[in-house]
Every structure is written in C-alpha cells, then in structure tokens.
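Engineer: Pasting the sequence and the predicted coordinates here, then a few questions.
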Amino acid sequence: MPVKSNIDTISILETFLVEGSGLKYKRLAQGIEESIRNGTLKPGAKLPPHRILADKLGITPGTVSRAYGELERMGRVVARVGDGTFVREQSQERPKEMGFRNFVDGADVCNDMSRNMHIPGNEVELLARSLRQLSDESECLRELTLYAPDAGLPRHRQAGATWLSHDEFHAQAQQVVCVNGSQHGLLVVLMAMLRAGDTLVTEHLTYPGLISAARLLGIKVLGLDMDEEGLLPESLEELCRCNRVVALYCTPTLQNPSTAVMSLARRQEIARICRAHNLFVIEDETHAVLMRQRPLPISHLLPERGILIGGMSKAVAAGLRVGYVHAPVSMVGRISASVRNSCWMATPLPLELASRWIQDGTARTLLTQQVAEIERRQSLVIDLLHTLTYRTHPCCPHVWVEVPAPWRAIEIEHDLRKRQHLISTAEAFSVGRGALPQYIRASVSNAPGGDQALREGFAALADVLRNGPDEARTMRT
C-alpha cells in the first residue's frame, strides 16, 4: 500500500508539537490520534515510515517510534512486521463500552467466554421446594409484602453477617445492610460515601461495574500500578500524596481480571496507608467467596474504615439478586439512606429465601458445588494453554492470558469473534487511557454447549495466540 503524504496531517502534527504539552513523543501521538479522529487519516491508512515522518517534522526517528508505540498501546494503530504501521480498521476497533453487560447480546455467538457467570446446578429444584414451604407460612408472607427497614429485616441482616463471616472475621448483623446484589451494593456505597468530583483510586485494571458506576455519579477514578499480588502500596502512597483521595476500591482476593491474591503482609501495608491518609476502603469479595480458605479481608485489619461488599450471585444464584454490605456502625445510616433513595428497600422475598438457605446449609452446599465445577472445568482446558503465559487460580472462573508479540489483544478478540467465540481484552477493565497490557480474559463458567464447546473455545483461543489471527496468516502465505 503506497504511503501518501497529507499536507493537512503534517500541519496538524506540527501544531501539536509546537503548542501541545508533555513529552514530545506524546504530543506527536496526540496529533496523530486527532488526525484519526477527524478523519484526515482513514481506517486502514498506512502511516509514513519513521524516518520519512521524522524528516518532515524535524524530529528524531526515535521520537516517531515511541509515538507509534504509544498509539499501538492505545489501540489506534496496528504494526505489522515487515509491512508498516496502519490505522486500525473500524471493524477491529472495540471502543470502551459505556458500561458493561450481564447477558448475551447476540444469539449467533456460540461460545461466550467473555463473562464470569454462575454455573447452573440444582437451584431450580431447591427454589421450588423453598417456595412451597414458604407458601404455607402466611404470617411470613404477609411480612414480606410490607415495607421493610432500610437496612433490611433483622433476620436477613443476621444471615448476611453469617454469609460474610469466615475465619477470624466475624461480621456483625448491626453492621450489615441488605442490597439487591453486589453491584447495587457498590452503587449505594458510592452514593453514600462520595460526591461528584471526589477522587477514588483502584487497580489500573478493575471491575468494569466500578468504572460504570463512578462515571454515572461523576466520581473521578485513578488507576494504581499492580504486580502479581494486586495493587502496589507505593503507588497508593504516591497517589495519596499528589491527589486529594477519598477512598480506595479494591479486590484483594481473586482480583478481576488479573486473578491476583494479596498476601497478608500486603493487606497490612494497604491498611496502614489508608489509615495514614484517612481513606476508607471499599472491598469487593464477590469472587473471593469462591476461594477455599480465603484470606482475611482488609476490612478486618481496618474495622473503623473498611466497607466489605459480598453477595450470592457467583456462588448460589445470580437471579436472586441478594447482596450484603458490611460497614462501620457510623456509616450504616448513610448507606441505608442510599438504599432507600435508590430502590426504597432491598426486595424482601429473595432475601428471605437466601436467609433460609444460609441458615440450613443449602447456600454453603451450593457454594461447594460451584467451586468443584469451576475446578473441573479448569482441568478440562488448562492443558490447552501449556505453551502460553497465563495466570489463574483453581477456584477462579477465568484465566488471564498474555498475548504474545507481535499480536495485540484487540486482534485476537476480533479474530475469535469471527469464529463465534467471545473473550474480553484488558481494555474492558482499564482505568484511564494509559498503556494497556496485552492480555485477554477467558472464562470457563459460561458454556451452554457443554464440555466439548468449552474445549473448542479454548482450543481456538490457544490456536490464535500461538499462530496469529487469520489475517496475519494470510499475509505470511
């Protein structure tokens, strides 16, 4: 494909280099991105070779190389070895969603590995039995048809405390607020504890529902650097020194998407920093409940400012929409008021069913079955990834896989979509517009086609990661 010099493009780039702010290569990258955005550079257009563009702009080829690399990490261009750098085709672009999804969008997709879902078991039979039993209890039914206290009925709060407790962490019923699922719990905590314009920090790859809720409420979100254990304490310390941070949101156990599990020492250091900078911690244990012998929550180490969110969607039944927020007594009133302002009260009937299942051991049995099925499904597919770099945990419903160079995650996602397999890229979890790690997330929990479909999906994923997308293979031949 011939490279055509575009006077308008050169003029735009010169303007950004002269009038922009920041490092020179970032100014150049911003100028190229503006040219792509306004249509001066069309999808599929080949960018000038590094030295030619450097000569036209009076800069070094190294500056151009760094700018092209920045654009590639941002997903605006794609570099093809031996061929050049091209504006990414629109069919390959996947703009960051204005939210996130919890249901299959297209019926033509045969294998959706992009979402962590509850794996169905014998919940239908158990639900039918519980409803029959409840139908004979007229006094209880009458109570469930009335308005409930903002924080929930006392027995429902007690059941929530039982569900959240483990090891040395003993949740207290008076500190529990009943909510309609963990996402609702997160929303009401943000509504209660932060205001529009406040700054919240989180892992630079984090739960998309947090990003969506914060955007809705006008809360500024800053990303923290991470390692194999999760967020880095030194990054938290630095952001607290440079910004007026109000709160930290984090997932210390089975972090989504990286699968990281924080050590006790790391949790203690995070608690120390939050106490020193007067931050309160919003801790998400939605996936943590799946981990056998999970570590103590940060909230246990920071009881005066730790807010813990948990639920039953991943372990028992997603459709019940039962969740619990455990907070310091001083915060319970504000969070309860947010429940009232958002939906008046958490729905009593699902909470009643959940409470009975917690009390009689049914919920714990379903959790055990869920974990066992996740482990079984992982054992079916993990051998397919043996030559690839990946991270997971036996109780985690997804695998976090590195995309080998020279491929990019968006190319892998696009190629698999054409084969009717869906996966998630790091973009869906990213806070801000910085450099994106080239990783994809594939889940074992959503396989309506059974074990064969699950293996076929992971086999297709492994094939594309090892050999490249179809487009690259065609070019090689």
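Structural biologist: Good, I have the coordinates. Worth saying up front: this structure is predicted, and the values here are computed from it rather than measured.

Engineer: Which secondary structure element is home to Ile282?
Structural biologist: strand 280-284 (DSSP states H and E).

Engineer: any idea how far that strand is from the chain center?
Structural biologist: In terms of CA atoms, centre = their mean, to the nearest Å, the gap separating the centre of strand 280-284 from the centre of its chain is 15 Å.

Engineer: May I see the buried residues of stretch 226-241?
Structural biologist: By 16 or more other CB atoms under 10 Å, the buried positions in stretch 226-241 come out as 226, 229-233, 235-237, 239-240. For glycine as for every other residue, the C-beta is placed from the backbone atoms N, C-alpha and C.

Engineer: quick one on the thing from earlier: I'd like the mean pLDDT over the next helix or strand after the strand holding Ile282, please.
Structural biologist: Later in the chain than strand 280-284, the nearest helix or strand by DSSP H and E is helix 298-301. The average pLDDT for helix 298-301 rounds to 97.

Engineer: CA atoms only: put helix 298-301 into CSV for me.
Structural biologist: Provided in CSV are the C-alpha atoms of helix 298-301 (Å, rounded to 0.1, in the frame of the first residue of the first chain):
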residue,chain,number,x,y,z
ILE,A,298,-8.6,-5.7,54.6
SER,A,299,-11.8,-4.7,56.5
HIS,A,300,-10.7,-7.0,59.3
LEU,A,301,-7.5,-5.1,59.6
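
Engineer: List of residues touching it?
Structural biologist: 168-169, 250, 252, 267-268, 270-271, 274, 281, 283, 306-308, 326 (CB atoms under 8 Å, 6 or more residues apart in numbering).

Engineer: Generate a PyMOL selection restricted to the buried subset of the residues you listed.
Structural biologist: Buried residues within the contacts of helix 298-301, by 16+ other CB under 10 Å, are selected in PyMOL with:
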select buried, resi 169+250+252+267+268+270+271+274+281+283+306+307+308+326
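
Engineer: For the longest helix anywhere in the chain, what is the distance to the chain centroid?
Structural biologist: Taking DSSP state H as the criterion, the chain has its longest helix at helix 362-381. In terms of CA atoms, centre = their mean, the gap separating the centre of helix 362-381 from the centre of its chain is 21 Å.

Engineer: Give me the packing partners of that helix, helices and strands only.
Structural biologist: Judged by 3 or more CB pairs under 8 Å, 6 or more residues apart in numbering; DSSP states H and E, the packing partners of helix 362-381 are helix 123-135, helix 348-360, helix 450-467.

Engineer: Run a quick neighbour tally on Ile12.
Structural biologist: Neighbours of Ile12 under the rule other CB atoms under 10 Å: 19.

Engineer: same question but for Leu320, I mixed them up
Structural biologist: Applying other CB under 10 Å, we find 22 residues neighbouring Leu320.

Engineer: same check, this time on the one 10 residues further on
Structural biologist: Residues contacting Ser330 under the criterion other CB under 10 Å number 10.

Engineer: Contacts only, for it.
Structural biologist: Ser330 is in contact with no residue at all, counting by CB under 8 Å, 6+ apart.

Engineer: Need the pLDDT of it.
Structural biologist: You'll see Ser330 listed with a pLDDT of 96.

Engineer: Now it: which helix or strand?
Structural biologist: Per DSSP H and E: helix 329-343 holds Ser330.

Engineer: Convert the C-alpha atoms of that helix to CSV, please.
Structural biologist: Provided in CSV are the C-alpha atoms of helix 329-343 (Å, rounded to 0.1, in the frame of the first residue of the first chain):
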residue,chain,number,x,y,z
VAL,A,329,-21.6,1.4,62.5
SER,A,330,-21.0,5.1,61.9
MET,A,331,-21.6,4.6,58.1
VAL,A,332,-24.6,2.2,58.2
GLY,A,333,-27.1,5.0,58.4
ARG,A,334,-25.8,6.8,55.3
ILE,A,335,-25.6,3.6,53.3
SER,A,336,-29.1,2.6,54.4
ALA,A,337,-30.4,6.0,53.3
SER,A,338,-28.8,5.4,49.8
VAL,A,339,-30.7,2.1,49.6
ARG,A,340,-33.9,4.0,50.4
ASN,A,341,-33.1,6.7,47.8
SER,A,342,-32.2,4.1,45.1
CYS,A,343,-35.0,1.5,45.5
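
Engineer: quick check: angle from it to strand 280-284?
Structural biologist: 60 degrees (axes from the mean of the first three to the mean of the last three CA atoms, to 10 degrees).

Engineer: Alright, that wraps it up for me.
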